[in-house]
Every structure is written in C-alpha cells, then in structure tokens.
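Participant: Okay, here's the prediction I keep looking at, along with the sequence it came from:
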Amino acid sequence: MTRVRILIAGLLVLAACAAGAAERVVAPGAGALAEAVAGAAPGDVLILAPGRHDGPVTLNKPLTLDGRGEAIVDAGGAGSVITVTAPDVTVRGLELVGSGSSHEGIDSGVQLTQGATGARVLGNRILGNLYGVDIHGAKDSLVQGNTIVGRRGHRMNDRGNGVYVWNAPGAEVAGNDIRYGRDGIFTNTSRDNVFRDNLFRDLRFAVHYMYTNGGEVTGNVSIGNHLGYALMFSHHITVRDNLSLNDRDHGVMLNYANSADVVGNLVRGGQEKCTFIYNAHKNLIAGNRFEGCGIGVHFTAGSERNALTGNAFVGNRTQVKYVGSRHVEWSLEGRGNYWSDHPAFDLDGDGIADSHFRPNDLMDHILWSQPAAALLTGAPAVQLIRWSQASFPATLPGGVLDSHPLTRPVEIPVPPAIAALEADSSPDWGDKGQIDDAFDPLAAH
C-alpha cells in the first residue's frame, strides 16, 4: 500500500504542476531572464521576447525556454550560456552565444547535467561557443534540429566539440548542422546512444566514439573533415547509411572496435584511406562503397573474424593494403565484393565472377615494407615476378582473397543538395595557411 500511496501522491503533484503551468513573456533587460526563471513554477513556458537577454542562466526546475527564433541569450564570456540541472526541460528557438573558454568547466551553449533527464534542446542556433551542447550524464535527452557553429582557433585540438556526450545512456542527437570546432559528436564512456541524420563539416572527426557501446550512427553526412566516423575502443555499434565525402584521412576507422555492423555507407574522394581497420574483430562490413581513395581498405594489426561482403571498391589507387602472412577470405556465404580492377567474366550470369580476385601480390608487400623499392616498379625483374605469381598461384604470399567477387557494384546515391555541398567544400586543412595539428588518428582523442 505504501508504494501505491507514493505513486498516487506523485501523480497528484504532476497534475497540480500541469494545472498551474502558464506561459510568461520575458522582456530583454538586465537580470530579467534569471529573475523570470527564479519566479517561474514547474511546467511554465517562458517565452523570450525578441532581443538580447542576459546569461548565463541555470534552469533548476522543469521549464520550457522558447525564443521563437527571435531571442538571443548571451553569457558575456562566462561559463555556459544555459545550464540545465532539472528533468524535463525544453530549450528551443534561441540563439545562444558568449560562453566562456574553460575546457575544465566544459563551457557550452547548453550544458545538460546529470539531473537533466529527458531534456530537449530543439531548433536553436548555438554560435561561437567553446562547446555546443554538453550532455553530461543526462539520460534520455534529445538534441535535435540545431545549427551549431564552433570556434575556428588556430589549433583544432584546442577547440571544443559540437556535441559532447559523457555517460548519458539513451541520448539522441539528430538532424543537427554542425560546423567548425573540434569533433562534431564526441561520445565517451556512454552506451545506447543514437546519432542520426546530422550534417558535419570542417571538423577533426565527424563522429568520434570512445568507450561507448551499443547504439547507432545512421544517415549522417560528413564533408571535408579530417576523418569521418572514428569508432574506437567500443563494441556493438551499428554504422549504417552514412556518407563520408571529401574527408581528408579516413572515411571510416575501426580501432579496437568489435562486433560492429558497418553497412551501406559511402566513402568517396579525398581520403588517404577510405577505411582503416586496426586491431578490430568480429565486425560485419557489408554493402559499402569505397571510391576514389588512396587506399580502399588498410587492414592491419591482427584484425580477425571480420566478414566483408557486398562492398564495392571503385577506382582506389590501391584497393587493399594488407601486410601479413595469413590468408584472409573476403567473401561470405558465396558472395564477395566488387573490384573495379578485376577483369573477369561471368559466363553463367549469376553476378559472381568466374575467377577469384587477389588484390595484393608479393611486390606490394615489398613496396610497403621498403618504399625505396618503388624506383624498381617498372623494371623487367619486377614484371617477371608479378607474371610468375599470376601464372603460378602457389608462389603467392598470404593475404586477402575474394573467392566470389561480384561483377556489379553497389550504388549509393547522394542527394543533389549534399553533392553541391561536397563540390563547394573548401576545408581548413586544404589551406596551407591554416596550420593544424599533425595528429595521428590512432592516438588523438
């Protein structure tokens, strides 16, 4: 009976709050916003009139703060513009500017603390703050439809992230346009998050996973970043239907990432490596298109029990870089991958080439381990070695073998508006005057 009474009492409190909720208009003025928050009742909607309102402000009770697209909150360079410490708070339709510059304090446009369960940050313009939105322990929060423009300091690693997720199970980041700053979304020590339908430009990493398990990264677009989707020290992530266009170093990187599904993604142009698989195990990599990179897939450091099937490797200077003596089969249940440099027949018309494909030979291994040997690439002796290996497969070293290569590539369309952004992209790293960190993506976090 005690539990029933507590439940009934809680429902009565909620009903009373709902009955007493009111809309209140807050005019600009010194201290007016903080005063309105202090005097509001739980459940109230504070409508900020057009103009500039003073921050920083803390929302310590369930409230809705609504700027209707015409109000600005300016923290004046101190702390976070809006800090949320209570559950069920909504912040929408505001322009948020003027955070402080403390990484220790994670000065942000909006900071959601552990008490901000179920917070909603919707349709705001969050401009020039150190961090955009800090989801710091706020479970089941939603950050959706915001424009987040970070800072453009000289060193990218000294900037803050567009959205920082720390220990916030169930948090969702969807439909945001995130540009400049350090990483678009950086998640650390969390689980079961959803990052979908976001646009990332001119960043270090578009999405950066560290020690975050479960969850999904779907339908996102990364254009002109150093690296698209970095999955590091995490497991059981779904990475599906994302685009990486004109990113500099890698489109997708798996570094100590296990049991992930990487499916239906397009990585195109600009990358040193479309995909980098480093000490990553038991991943499904299927139905992706890797096109126009220096290396299609760099596969190294003992990665085992990965399944690669239905992918298309199109026009990469080197389709696969794998240095090792083991034989690795890249097909699954009789279905391999498409290779644009595989001149094969398909006499029975089943979509499977009549001959297997081996992307690397002994000379490739020599050239990777001894770069100076590239001077001998056109020498008759090198050509004789390659002819001998093609004619006598028993002389081939271990490496990648596709026993069932496909004759048609997977097609992944790019919407015209996104293709236009790709064509017009001019990222900072292309400007030699913008001296950035010579960072190693395996070590930089």
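Facilitator: Arrived safely. Residues are numbered from 1 along each chain as shown.
Participant: okay, CA-based contacts and neighbour counts for the rest of this
Facilitator: Fine.
Participant: What's the mean pLDDT across the longest strand along the chain?
Facilitator: Taking DSSP state E as the criterion, the chain has its longest strand at strand 64-74. Averaged over strand 64-74, pLDDT sits at 97.
Participant: Distance from the helix or strand just after it to the middle of the chain?
Facilitator: The helix or strand immediately downstream of strand 64-74 is strand 82-84, counting by DSSP states H and E. In this view, strand 82-84 has its centroid 25 Å away from the chain centroid, taken as C-alpha atoms, centre = their mean, to the nearest Å.
Participant: Identify the residues contacting strand 82-84?
Facilitator: 55-60, 108-113, 115-116 (C-alpha atoms under 8 Å, 6 or more residues apart in numbering).
Participant: Buried residues, the longest strand of the chain. List them.
Facilitator: 64-69, 71-74 (16 or more other C-alpha atoms under 10 Å).
Participant: Tell me the one among the residues you listed nearest to Thr407.
Facilitator: Checking the buried residues of strand 64-74 against Thr407 with C-alpha to C-alpha, the nearest one is Gly69 at 51.9 Å.
Participant: OK, contacts around the nearest residue to the closest one once chain neighbours are set aside?
Facilitator: Taking C-alpha to C-alpha, 6 or more residues apart in numbering, and ignoring the residues beside it in sequence, Gly69 has Gly93 as its nearest neighbour in space, at 4.5 Å. Each residue near Gly93 by C-alpha under 8 Å, 6+ apart is listed here: 66-71, 122-125.
Participant: Look up phi and psi at Gly93.
Facilitator: The phi/psi pair for Gly93 (degrees, to the nearest 10) reads phi 60, psi 30.
Participant: What's the per-residue pLDDT of it here?
Facilitator: In this model, Gly93 carries a pLDDT of 98.
Participant: For it, give its distance to Val84.
Facilitator: Going from Gly93 to Val84 by C-alpha to C-alpha, to the nearest Å gives 16 Å.
Participant: Then Ser426?
Facilitator: 36 Å.
Participant: okay, these two: which has more neighbours?
Facilitator: Val84 (28 against 15; other C-alpha atoms under 10 Å).
Participant: Bridge partners for the more buried one, pull those for me.
Facilitator: Leu59, Leu112 (DSSP bridges).
Participant: so the most centrally placed residue in the chain bridges to which residues?
Facilitator: When C-alpha atoms, centre = their mean is applied to the chain, the residue found nearest the centroid is Val207 (2.0 Å). Per DSSP bridges, the residues bridged to Val207 are Ile185, Tyr229.
Participant: Tell me if I'm right that it and Asn188 touch.
Facilitator: No - judged on C-alpha atoms under 8 Å, Val207 makes no contact with Asn188 at a distance of 11.3 Å.
Participant: what's the spacing between stretch 234-246 and its chain's center?
Facilitator: 7 Å.
Participant: same deal with stretch 231-248?
Facilitator: That offset, for stretch 231-248, works out to 6 Å (C-alpha atoms, centre = their mean).
Participant: Equivalent analysis for stretch 345-355, please.
Facilitator: Taking mean C-alpha positions (C-alpha atoms, centre = their mean), stretch 345-355 and its chain are 37 Å apart.
Participant: go on, stretch 274-281?
Facilitator: 16 Å.
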